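K.L.:
next input, structure requested:
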Amino acid sequence: MNNSISLIISFYNESKNIHPLVEEIEKLKKNNKFLKEVILVDNGSKDDTGEILKQICYQYSYIFVHNENSYGYGDGYFSGIKKASSTYILMNHSDLQFSFDIVNEFNVILDTKEIFSCFVKRTGRTKISSLKTLIARTLCMIIFHHYVPEVNGQPKLFPKKIFNNISLYPRGYAFDLFIFKLLKKNNIPIKWFYNKELPRLEGVSSWSKSFKNQFYNLLKYLKEANLIKKIVE
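P.N.:
Numbering: from 1, shown residues only. Just a heads-up that it's a prediction; the model follows:
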């Protein structure tokens, strides 16, 4: 089977980012021979994100997925993966913090027919953001008893088949960690790239709000890490 890519982007109250993001998607489509389909997920948004996405998907022949309620970051992407029909999944965030330009480097490997995945290490981050990530990684290393790299950079590319027969999964922010562990379980090599994390154009991440909110998110992340251990190991 020839390699193909399904691009999945999940949205939660990101209506102001949709149109500039679509411009980036269309540039990617013109320059990427592997991109077969684009899947946009409205992950229980409370604003007009869903209506705008529905119109965009009709206009550009994308696939629209609507989750009535938002149970978390992982729910949005898992919904998209279930709809995908390509051999590879390409994920990116809806906040325009990560450029698609690096995907052209992934293409060189897709041409080889080798089974692999691509993860991104984030550059250009503030010291406090890097410290928060290091704390979460360190606690995850205690849980898994092995080294855990920084896995939240975007975009990322991985074979869809790692989700075959998967029904239980983390519904929150640990979904990227889950992908990493599934790849390791299936002995699929990870090729690492660097991509600069840009400032958000609109909105504020829930990880950047009050200390109380950040601490709560960290506890949820670690709870999901323990769930991942039960599923994968």
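K.L.:
before we move on, what SS does the closest residue to Ile9 other than its chain neighbours have?
P.N.:
Of all residues not flanking Ile9 in the chain, Ser94 sits nearest, at 5.2 Å (Cβ to Cβ, 6 or more residues apart in numbering). Backbone N, C-alpha and C define where each C-beta goes, glycine included. Assigned with DSSP: H, G, I helix; E, B strand; the rest coil, Ser94 falls in the coil class.
K.L.:
how about the top helix by length along the chain: buried residues?
P.N.:
Across the chain, the longest stretch assigned as helix under DSSP state H is helix 211-232. By neighbour count with 16 or more other Cβ atoms under 10 Å, helix 211-232 contains the buried residues 217-218, 220-222, 224-225, 227-228, 231-232.
K.L.:
now swap in stretch 154-161 and tell me
P.N.:
Buried positions in stretch 154-161, judged by neighbour count with 16+ other Cβ under 10 Å: 154-160.
K.L.:
same check, this time on stretch 102-122
P.N.:
Buried-residue list, stretch 102-122, by 16+ other Cβ under 10 Å: 102-103, 106-107, 109-110, 115-120, 122.
K.L.:
and Tyr169, how far is that from Ile39?
P.N.:
From Tyr169 across to Ile39, the span is 17 Å (Cβ to Cβ, to the nearest Å).
K.L.:
so between those two, which is more surrounded?
P.N.:
Neighbours were counted for Tyr169 and for Ile39 using other Cβ atoms under 10 Å; Ile39 has more, 25 against 20.
K.L.:
can you pull out the strands in this structure?
P.N.:
All strands of the chain, identified by DSSP state E, fall at 5-11, 35-43, 63-67, 88-92, 117-123, 156-159, 190-196.
K.L.:
need the residues that contact the helix or strand bottoming out on mean pLDDT in the chain.
P.N.:
Lowest by mean pLDDT, DSSP states H and E among the helices and strands of the chain is helix 103-110, with a mean of 88. Helix 103-110 is contacted by residues 3, 5, 28, 31-34, 88, 90, 116, 118, 155, 157, 191, 193 when judged by Cβ atoms under 8 Å, 6 or more residues apart in numbering.
K.L.:
out of the buried residues of stretch 154-161, which comes closest to Leu198?
P.N.:
Distances from Leu198 to the buried residues of stretch 154-161, taken as Cβ to Cβ, are shortest for Gln154 (10.8 Å).
K.L.:
per-residue confidence at the closest one?
P.N.:
Per-residue confidence (pLDDT) for Gln154: 97.
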